[in-house]
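*Asks:* from the sequence below, what's the structure:
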Amino acid sequence: MPRLLLLIAAIATVAVAFMHVALGGPLVVDALRAEGDLPAVVVWLSYFTWHDGTVALLVCAAAFVYAALKPGNRALGVFAGVLVLGIGLLGLATAVFGSGALWRTPAPYAFGVIGLLALAGALSPSRR
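*Replies:* I've put the predicted structure just below:
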């Protein structure tokens with residue numbers, strides 16, 4: 001069961017990363033680039049951060065797969081699970097304390113669930 005949870009977390013992370021790029025990119029990145037009143041450094045730092053998030057998600061997905069296939073490396077699954085859970089908590093806090101507009105995105109929901117799944121898999125005793 002621990003391996004299955006880590007693999008489910010990996011698949012869900014790749015799915016969220018795909019949605020992040022395919023759906024969120026045109027909505028967020030294109031709007032930022034089209035905004036003429038923002039300083040260039042704000043636009044391009046936001047652009048960089050957007051894609052930095054994509055890379056982080058894909059690295060976490062790879063870590064979940066590796067931890068699932070190499071049970072001796074569960075610490076990697078814990079690390080990536082804590083990272084994704086932290087992203088989820090950040091999304092939740094931003095929606096609660098920043099802007100309710102974030103509730104219309106997967107940010108406050110998906111990452112926390114994925115992080116908890118990964119941690120449950122990485123911290124469960126192995127039955128090998």
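
*Asks:* got the buried residues for the longest helix along the chain?
*Replies:* Identified as the longest helix of the chain according to DSSP state H is helix 40-69. Using 16 or more other CB atoms under 10 Å as the test for burial, helix 40-69 gives 43, 46, 50, 53-54, 56-58, 60-61, 63-68. (C-beta placed from N, C-alpha, C; glycine too.)

*Asks:* which strands and helices sit next to the helix or strand following that helix?
*Replies:* Using DSSP states H and E, the next helix or strand after helix 40-69 towards the C-terminus is helix 74-93. Other helices and strands packing on helix 74-93, by 3 or more CB pairs under 8 Å, 6 or more residues apart in numbering; DSSP states H and E, are helix 2-19, helix 40-69, helix 110-123.

*Asks:* correct me, but F64 touches A10?
*Replies:* Yes - if you go by CB atoms under 8 Å, F64 and A10 touch, sitting 3.8 Å apart.

*Asks:* now the helices and strands packed on helix 74-93 as CSV including mean pLDDT and distance to V82?
*Replies:* Output for the helices and strands packed on helix 74-93, formatted as CSV (pLDDT from 0 to 100; distance: least, CB to CB, whole Å):
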stretch, mean pLDDT, distance to V82
helix 2-19, 94, 12
helix 40-69, 91, 10
helix 110-123, 94, 7
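
*Asks:* mind putting those helices into CSV with distance to G81?
*Replies:* As requested, the helices and strands packed on helix 74-93 are arranged in CSV below (distance: least, CB to CB, whole Å):
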stretch, distance to G81
helix 2-19, 7
helix 40-69, 8
helix 110-123, 3
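
*Asks:* and G86, which of the ones you listed is closest to it?
*Replies:* helix 110-123 (7.4 Å; CB to CB).

*Asks:* name the residues of that closest one that come out as buried.
*Replies:* 110-122.

*Asks:* can you redo those residues as JSON lines with distance to G91?
*Replies:* Putting those into JSON lines (distance: CB to CB, whole Å) gives the following:
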{"residue": "A110", "distance to G91": "8"}
{"residue": "F111", "distance to G91": "6"}
{"residue": "G112", "distance to G91": "8"}
{"residue": "V113", "distance to G91": "11"}
{"residue": "I114", "distance to G91": "11"}
{"residue": "G115", "distance to G91": "11"}
{"residue": "L116", "distance to G91": "14"}
{"residue": "L117", "distance to G91": "16"}
{"residue": "A118", "distance to G91": "16"}
{"residue": "L119", "distance to G91": "17"}
{"residue": "A120", "distance to G91": "20"}
{"residue": "G121", "distance to G91": "21"}
{"residue": "A122", "distance to G91": "21"}
